[in-house]
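[1] this is the structure alone, sequence omitted:
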């Protein structure tokens, strides 16, 4: 049982992050906190991709002179890392758009609390 | 069985389209009423002429067919001018000419608003009606059926009063619900059969059914068609729709829309299900029960109505079910008699509605209780009314007697005495709700009759013509249009031989 | 050369247009709109050309950078993607013509950034349609979504809030999609759609695949606004400017539906998604609830755009139902409804845009006869689109319901059939409510203004919408009729070739 937890500690950690992120996105009332939750969620998913690329007894994917290229099993999978660079950029862009929207909302309504906002929107 | 030879011809298509082409012309000439009415009459004559040109071929067994386009993979939008279709089309297009003439008198007599919309919508409705008549398969039928529903709506709400708008809502509620039921029935038929073409004697040959499936399918069809055919209990949109102007009630609700409903019932009974299937699962009994109940109940309700048009509406409901009853009995005479009813009831009822409209325009009277002594002011109108009343009761020499006679003969052929009883009772009830009107009009002294006297020629001539036609067809049902011959031909093709 | 590059052309055109418009906005403002229209027109012709190409020569594949898939990213032009791309191009062109008057009216001074972002939106949509790689799809999904959030947020005072909610839910959706993709990568080791579809039969017992399919479907379901994941849709459609909503409403959710169709039927295969792991059943039932929910909510709305938003939830339910039936007829119905609904809802939102241009609002409670008198053509288009939504032949809407009805009967699913029929009647209720008001309700002058009917303060339109607003609306309405009459041609020539072989 303990083995199961310790062997997969990375996934449990990511699960905790996912939960925190989802909780923030859905339950928090402040719009900025929702955004923070979203960012945590995205980070968790990015970490997940990176974690799944690791292998037992493998090294960083930089071609070493003494390890032949053909032995791909000795290198961890570099593809998810590259993909996640893109995903990080996407996350940043989303954050930018979201913060821009928050600025406009604050300018229009002078608050970033959801319940106050709903009242002021009526 | 008579051999049917099919040939391709665009005449059915032109018959459907010619009034659609008139619509932009009508809309464009809204400032010139005479020109606008000229288009309507011209197109009406053209349509009637086109339909008539198909009659000689049909009598010899040559059916004009035209395939338009595929409207769903495997199903085509197709028109087929067979005997039943030509029968209905002649009535609808012929009576349209008379109704248009009458409308001119009526609308101008009342100085009604929105006449352009009225005439334009009428043209579209008639286009859809001929499309229904000539539909070669169920999907084409459904397409035109729904177009008719939508096109008739502006006519129902024509007066734009609160009552008219709520009548329109009720009309839509009933007819759109019926539309979706009909679509479901068609889809189911297609799934079972793979083919939707109408074939005399039924299209489900060689398929075995469970009783539940076929009964459910039949009820779907009955629900879909029964609203327009005003079968009880889904009939109540029709009396409410009498708020429409009288020419609308006359043509649409006595000839086009409701007759499309019973026409559909005949098509489904004879050309989709077929007599064997109907008898095997007792479906004809179900239909007969609904039809018979409708006849009696509607006639009883007619007795209670004071508003003249509502009384005529309930009378229409009752007489429509004569057709359904004829189809349900599934004997040669009854089937032919039911089809004849389509024609005879049309001429008689339209006469009555024309008279009711003339009374309203000239004397502003709507209720039976106000009609004392009006025969003095409007002798010709009431004379025509008398002809129609006599015919509806089934008394010779007006043509109502012919169709009723064959219905009675048909139920004897089926060995059923209940339909005969229903026919007799409803005849008496007809006398009960129509003859007092005649008595009041002719025999009672006149009340205060401020008004214009006899109807204007535009209204008077059509109603005299239809009354005359009722008498002439009563004396010789095959006059002009060979209605009787066609009815027999249809009956034989569906039921497979057997002479009356 | 063109034929080889065909799949990648359209996203590239839009990307280039976006950059050029952004540049033009800085120096030569007058170039912005012509550039946008020009780009859309070229994309429209290329989409048409693509359609011809795929029907004559079969599937075309383009490899970015020459790298061979599954190592490289490939763009695929097959009948399904060509069809959806054509829908996108046609609607985009019509809406862009309409935007000539509508954008300066509602977004004065912000035209340049607006059109740049609009081009990015279209680039994103077309990228999603053509890509053959799942991660590339995520990238373009986010491009389109971010552009969408921006476009929605640029409207009136309440629109940034609606856009923010859209952003949160949309990002949630995309994140779930990405998470699901991770599981899919874990199970199959590839990201290329064609490659994965070859691998799936070998790994179909793996529970990781269940997680992958579920997460990806949930994520895309949020984008497609399947009930109960539709919460972002009503506010976003109501408060967005007319052009944004006319562009996003017909296309955004349909693109997500396209991805679900591609993923479930072409990659995972119909056996997997309907038998091994019946996710299509779940989609079907949720869609059915969505149809009823959307129709009922639409009946209670007093503002036209909000009503159309809830109506969209219902209509998307039809597409979901088609997917849920997982049969050839169901797929035909779903894809045909993608086409039909895109045109119908684009036409309806353009009508709302016309109203905004002439009257300043689109509140249903203010509609009366003068609207129809002054704007007859706009409301003629509205009538045709409304009849199509209800499902009256021979308009297009009838035929998608016809195929869906055939599919439900084929599957012996009578509840689904009943839902289709009942929802048609519910649609009739709220559309005829508007038609009644517009054609029959007496104008304000005959009704004294009271507190409850402030119509005196809101006089109706003074004249018909201008030509550049009217022509696209009427063209779409005519297209609805044409699509209806010729639906057999569309189904036989365009949709039947695209059905996956296994069905």
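    Thanks, I have it. Here the structure is a predicted model, which is why all the values come from computation and not from measurement.
[2] so residue A:47 touches residue A:17, yeah?
    Yes: Residue A:47 is within contact range of residue A:17, at 7.1 Å (criterion: CB atoms under 8 Å). C-beta: built from backbone N, CA, C; applies to glycine.
[3] tell me if the longest helix along chain A is near chain C.
    Using DSSP state H, we find that the single longest helix of chain A is helix A:79-109. Yes: remark: helix A:79-109 sits within contact range of chain C at A:80, A:83, A:86-87, A:90, A:93-94, A:97-98, A:100-102, A:104-105, A:108-109, by CB under 8 Å from any CB of the partner chain.
[4] out of the residues you listed, which is most surrounded?
    Highest neighbour count within those: residue A:101, with 26 neighbours (other CB atoms under 10 Å in any protein chain shown).
[5] enumerate every residue touching that residue.
    Residue A:101 makes contact with C:149, C:153, C:160, C:163-164, C:167, according to CB atoms under 8 Å, 6 or more residues apart in numbering or on different chains.
[6] which residues are in contact with stretch C:263-282?
    By CB under 8 Å, 6+ apart, stretch C:263-282 touches C:80, C:193, C:196-197, C:200-201, C:204, C:209-210, C:213-214, C:216-217, C:220, C:323-326, C:331, C:500, C:502-503.
[7] I'd like to know which of those residues are buried.
    By neighbour count, with 16 or more other CB atoms under 10 Å in any protein chain shown, the contacts of stretch C:263-282 hold C:80, C:193, C:196-197, C:200, C:204, C:209-210, C:213-214, C:216-217, C:220, C:323-326, C:331, C:500 as buried.
[8] nearest to residue B:154, of the residues of helix A:79-109 next to chain C?
    Here the nearest of the residues of helix A:79-109 next to chain C to residue B:154, counting by CB to CB, is residue A:108; it sits at 45.5 Å.
[9] SS state for the nearest residue to the closest one once chain neighbours are set aside?
    In this structure, residue A:108 finds its nearest non-sequential neighbour in residue C:157, 5.2 Å apart by CB to CB, 6 or more residues apart in numbering or on different chains. Look at residue C:157: counting by DSSP: H, G, I helix; E, B strand; the rest coil, its state is coil.
[10] helix or strand: which one has whichever residue of the stretch 1-150 of chain B sits closest to chain A?
    Among the residues of the stretch 1-150 of chain B, residue B:150 lies nearest to chain A; the distance is 39.6 Å by CB to the nearest CB. Assigned by DSSP states H and E, residue B:150 belongs to helix B:138-156.
[11] in the chain, where is pLDDT below threshold?
    By default, I'm working from chain A. Applying pLDDT under 70 to chain A flags residues A:67-70.
[12] meant chain C, my bad for not saying
    Within chain C, the ranges that satisfy pLDDT under 70 run C:1-2, C:443-459, C:502-503.
[13] and it, which residues reach chain A?
    Going by CB under 8 Å from any CB, the residues of chain C near chain A are C:135, C:138-139, C:142, C:146, C:149-150, C:153, C:157-158, C:160-161, C:163-164, C:167-168, C:171-172, C:174-175, C:178-179, C:182, C:185-186.
[14] can you name the element that comes right after the longest helix of chain A?
    With elements assigned by DSSP H and E, the helix or strand that comes after helix A:79-109 is helix A:114-121.
[15] quick one, which of the residues of chain C next to chain A are buried?
    By neighbour count, with 16+ other CB under 10 Å, these hold C:135, C:138-139, C:142, C:146, C:149-150, C:153, C:158, C:160-161, C:163-164, C:167-168, C:171-172, C:174-175, C:178-179, C:182, C:185-186 as buried.
[16] just to revisit the earlier point, of the contacts of residue A:101, which belong to helices?
    Using DSSP H, the members of those that fall in helices are C:149, C:153, C:160, C:163-164, C:167.
[17] of those, which is the nearest to chain B?
    Using CB to the nearest CB, the ones in helices among the contacts of residue A:101 come closest to chain B at residue C:163, 37.7 Å.
[18] which phi and psi does the closest residue to residue B:91 other than its chain neighbours have?
    Distances taken as CB to CB, 6+ apart put residue B:346 closest to residue B:91, at 5.1 Å, once the chain neighbours are dropped. Backbone torsions of residue B:346, given as degrees, to the nearest 10, read phi -60, psi -50.
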